[in-house]
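Visitor: Could you work out the structure for the sequence below:
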Amino acid sequence: MSRVVAPGPEGARAIIDDGRYMTLATADAAGVPWASPVWYAPRGYSELFWVSDPNARHSRNLAERPQLSIVIFDSTVAPNHGQAVYMEAEAAQAADGLEVFSARSVAQGLGEWKDLSGPLRLYRAVVSEHWMLGEGRDKRIPVTP
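Guide: As a prediction, this is how the structure comes out:
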């Protein structure tokens, strides 16, 4: 069954709370864009955590240029009813937050993260602005979740 998420604070919270993947839109030092979907864990609505290899293209891009855009799309809805939360943020490797990532992982049945092994590192995006689609196509309105 499909749901309809209205633009506004409640809709933004529902999409961020219920989502599993977000898409990072990064760019390298020359401005060449790159998009990457990652599994995420939120702490509130302005901090988003994920785990990546520092050698992944999006991680290298963030090391050069920490500014990024993020979108979390509600893919549970029927065509022509889609809604998403669009965000502007800055991101970098995080020294804390693994407990947030682990708790979300456990809640979704994916297991506990006690530490990071191998090349994986924890990253955090700090969101400065949120938008959703308003009336009409691609008319974004600011929201505060």
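
Visitor: from here on, contacts and neighbour counts on C-alpha atoms
Guide: Will do.

Visitor: ok, which stretches of this structure are strands?
Guide: 21-27, 33-39, 41-43, 47-52, 67-73, 84-93, 121-133, 140-143 (DSSP state E).

Visitor: now those in TSV, with mean neighbour count, distance to Val5 and mean pLDDT?
Guide: Written out in TSV, the entries for those read as follows (neighbours: other Cα atoms under 10 Å; distance: least, Cα to Cα, whole Å; pLDDT from 0 to 100):
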stretch	mean neighbour count	distance to Val5	mean pLDDT
strand 21-27	20	17	97
strand 33-39	15	21	97
strand 41-43	21	19	97
strand 47-52	21	21	97
strand 67-73	21	11	97
strand 84-93	20	9	96
strand 121-133	20	10	95
strand 140-143	17	13	88
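
Visitor: mind putting those in TSV, distance to Ser105 included?
Guide: Supplementary listing: the strands of the chain in TSV, determined by distance: least, Cα to Cα, whole Å:
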stretch	distance to Ser105
strand 21-27	12
strand 33-39	9
strand 41-43	8
strand 47-52	11
strand 67-73	17
strand 84-93	19
strand 121-133	14
strand 140-143	27
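
Visitor: Go through those strands and name the closest to Ser102.
Guide: For Ser102, the closest of those is strand 41-43, at 8.3 Å, according to Cα to Cα.

Visitor: Ok, which of the strands of the chain comes nearest Gly8?
Guide: When these are compared (using Cα to Cα), the closest one is strand 140-143, at 5.6 Å.

Visitor: And that closest one, how far out from the chain middle?
Guide: Using Cα atoms, centre = their mean, to the nearest Å, we find the averaged C-alpha position of strand 140-143 to lie 17 Å away from the chain's own average C-alpha position.

Visitor: Summarise which helices and strands that strand is packed against.
Guide: If you count contacts as 3 or more Cα pairs under 8 Å, 6 or more residues apart in numbering; DSSP states H and E, strand 140-143 packs onto strand 121-133.
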